[in-house]
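Participant: here are the coordinates; sequence isn't available:
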């Protein structure tokens, strides 16, 4: 919610009032207007937009939405508020908590063959600074400008994932990084991962020439299969896209991180 | 986020300040400590409970949470407000919209072999009246009292699913109902479905003696496989549990409905 990087500070004051009704209702906050809630027509419309965008996000995060190319125009403010606010952080932390709890239950066998697979973009690294400059997913994906952003190697860590990553290493899991980025981006990717605090992964797997054009779910399933064929047991898999997690050679448990910015098949 | 039903109003003010740095960073807010936001301990705590429960629900709906037996005690009000409020309705409608859009795209082949599989509880029928009397998922599931509720045959339709059901029939899809309920509940289930407005399904599949004790994901996969072996193509599958949708013989597209009340493996 509070975002010094965009030069905005939110000051919040909390005031107790009477419950409006015994029937539950969801109130939309309109910080842009500095108004609060309530009963006028404008807020009502804002409220219905919020409800629409909440519902849209449900279908995105559960994969009900299927293929989509950009966020709904009316949800730009909603996605911005979500992705730059505390809810994204809190949901990511909750996913990391679940992943860590699973890791502790399954434990490691001691032969170094207990693997954990991480996706990179919107899983280990956050491209929110890039998307903030590109409409929070409202613009059609532009590969050229995104690749320029990747070359900067300045994406910050998703803090919840950095914590999970380090805890898994302490527990003895072998870490594989499996990304849709291409081999030509290896150096920038390594540089960015190190900048963000990641180290000591077992292998960084990027798309090679033979992987170009494959759907992510196929490419990633094939690579997980190769990991399994080396004798590893993939105890867990963390990713923000369902295509990171589904297909074949799936992990014992998969952990879906939130991402309302974009969809990858 | 802000919630008149909890007697809380958030007033937001926005102040422009200098960007703290040109390097993007993610700001961690710690509402539990009241450091960033609120001045009021009680409200800050309510807000952090809301954030906790939102995050918990994310992990439930994405299957990140894995096995759980009851909702967190602190989320009873949150789940009550959600499940009795407009957000549950809106999210269910959004899922139905996605399902219907898919159905229209794939169409029917005209040989009657285009199948759609529906779960029943929290998919076609709503047991919210039962759960409202049992802590909205805060109580451990009590089979005896739930079976008494089933015998009443008074569960209302989930309206979004009833709309989808009728639209799919008009489009020519063959409807299969696949439920974790048992054969001894067939009569009550048929009565309830009719009471709620459903009719003309192809087959109602309940657990027989051989299915008892199987995980739902196995039982339901086996039954979908039998449907496929009869020559049907399962174009879509609607269910509120991941175990309705995953496993083998999965549908071309699966549609996960919201359900923060309970988990079925």
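Facilitator: Cool, the structure landed. Just so you know, these numbers come straight off a predicted model, no measurement behind them.

Participant: buried set for the helix or strand where residue A:191 lies?
Facilitator: For residue A:191, the element it lies in under DSSP states H and E is helix A:186-196. Neighbour-count burial for helix A:186-196 flags A:188-189, A:192-193, A:195-196 (criterion: 16 or more other C-beta atoms under 10 Å in any protein chain shown). Placement of C-beta: from N, CA and C, glycine included.

Participant: separation between residue A:184 and chain B?
Facilitator: 24 Å (C-beta to the nearest C-beta, to the nearest Å).

Participant: try residue A:142
Facilitator: For residue A:142 relative to chain B (C-beta to the nearest C-beta), the value is 19 Å.

Participant: again with residue A:70
Facilitator: Applying C-beta to the nearest C-beta, the value for residue A:70 to chain B is 16 Å.

Participant: over to residue A:84?
Facilitator: Relative to chain B, and taking C-beta to the nearest C-beta, residue A:84 is found at 9 Å.

Participant: repeat that for residue A:102.
Facilitator: Relative to chain B, residue A:102 is positioned 7 Å away (C-beta to the nearest C-beta).

Participant: surely that residue meets residue B:64?
Facilitator: No - if you go by C-beta atoms under 8 Å, residue A:102 and residue B:64 don't touch, sitting 9.4 Å apart.

Participant: shared neighbours of those two, anything?
Facilitator: Common contact partners of residue A:102 and residue B:64 (C-beta atoms under 8 Å, 6 or more residues apart in numbering or on different chains): residue A:255.

Participant: neighbour-wise, which of the two wins?
Facilitator: Under the neighbour definition other C-beta atoms under 10 Å in any protein chain shown, residue A:102 and residue B:64 were set side by side, and residue B:64 has more, 23 against 18.

Participant: so what does whichever residue of the stretch 101-250 of chain A sits closest to chain B have for phi and psi?
Facilitator: Relative to chain B, the nearest point of the stretch 101-250 of chain A is residue A:129 (3.5 Å; C-beta to the nearest C-beta). For residue A:129, the backbone dihedrals (degrees, to the nearest 10) come out as phi -60, psi -40.

Participant: equivalent analysis for residue A:219, please.
Facilitator: According to degrees, to the nearest 10, residue A:219 has phi -50, psi -50.

Participant: check contacts around it.
Facilitator: Applying C-beta under 8 Å, 6+ apart to residue A:219 gives the contacts A:180, A:207, A:211.

Participant: same question, residue A:206
Facilitator: Residue A:206 is in contact with A:179, A:181-183, A:185-186, A:189, counting by C-beta under 8 Å, 6+ apart.

Participant: what's the answer for residue A:182, then?
Facilitator: For residue A:182, the contacting residues are A:206-208, A:212, by C-beta under 8 Å, 6+ apart.

Participant: coming back round to it: what would the contacts of residue A:206 look like in CSV with pLDDT?
Facilitator: Output for those, formatted as CSV (pLDDT from 0 to 100):
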residue, pLDDT
A:179, 98
A:181, 98
A:182, 98
A:183, 98
A:185, 98
A:186, 98
A:189, 98
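
Participant: can you tell me which of those lies nearest to residue B:222?
Facilitator: The closest of the contacts of residue A:206 to residue B:222 turns out to be residue A:179 (C-beta to C-beta; 36.5 Å).

Participant: wait, isn't that closest one in contact with residue A:205?
Facilitator: Yes - applying C-beta under 8 Å, one finds residue A:179 in contact with residue A:205, separated by 7.0 Å.

Participant: what residues go with each domain of chain A?
Facilitator: Here the domain parsing of chain A from automatic domain parsing is A:4-14+A:23-80, A:93-256.

Participant: and the last one, how far out from the chain's middle?
Facilitator: Relative to the chain's own centre, domain A:93-256 is displaced by 10 Å; criterion: C-alpha atoms, centre = their mean, to the nearest Å.

Participant: likewise for stretch A:246-263?
Facilitator: On C-alpha atoms, centre = their mean, the centre of stretch A:246-263 falls 10 Å from the chain's centre.

Participant: now the end-to-end length of that stretch.
Facilitator: 14 Å (C-alpha to C-alpha, to the nearest Å).

Participant: cool, stretch A:180-199 as well?
Facilitator: For stretch A:180-199, the first-to-last residue distance is 19 Å (C-alpha to C-alpha).

Participant: isn't residue A:129 up against residue A:136?
Facilitator: No - contact between residue A:129 and residue A:136 fails when scored by C-beta under 8 Å: they sit 11.3 Å apart.

Participant: more crowded one of these two?
Facilitator: Taking other C-beta under 10 Å, residue A:129 and residue A:136 do not tie; residue A:136 has more neighbours (24 against 18).

Participant: just the pLDDT for that one.
Facilitator: pLDDT recorded at residue A:136 is 98.

Participant: that one reaches residue A:81, doesn't it?
Facilitator: No - between residue A:136 and residue A:81 there is no contact under C-beta under 8 Å: 9.5 Å.

Participant: the bottom helix or strand of chain A by mean pLDDT?
Facilitator: strand A:8-16 (a mean of 28; mean pLDDT, DSSP states H and E).

Participant: next, the angle helix B:41-61 makes with the very next helix or strand once past that one.
Facilitator: Using DSSP H and E, the helix or strand that follows strand A:8-16 in sequence is helix A:41-61. With axes from the mean of the first three to the mean of the last three C-alpha atoms, to 10 degrees applied, the angle from helix A:41-61 to helix B:41-61 works out at 40 degrees.

Participant: and for the helix or strand that helix A:41-61 is followed by, what's in contact with it?
Facilitator: Where DSSP H and E defines the elements, the next helix or strand beyond helix A:41-61 is helix A:76-83. Helix A:76-83 is contacted by residues A:1, A:31-32, A:49-50, A:53-54, A:57, A:71, A:88, A:128, A:131-132, A:135-138, A:260-261 when judged by C-beta under 8 Å, 6+ apart.
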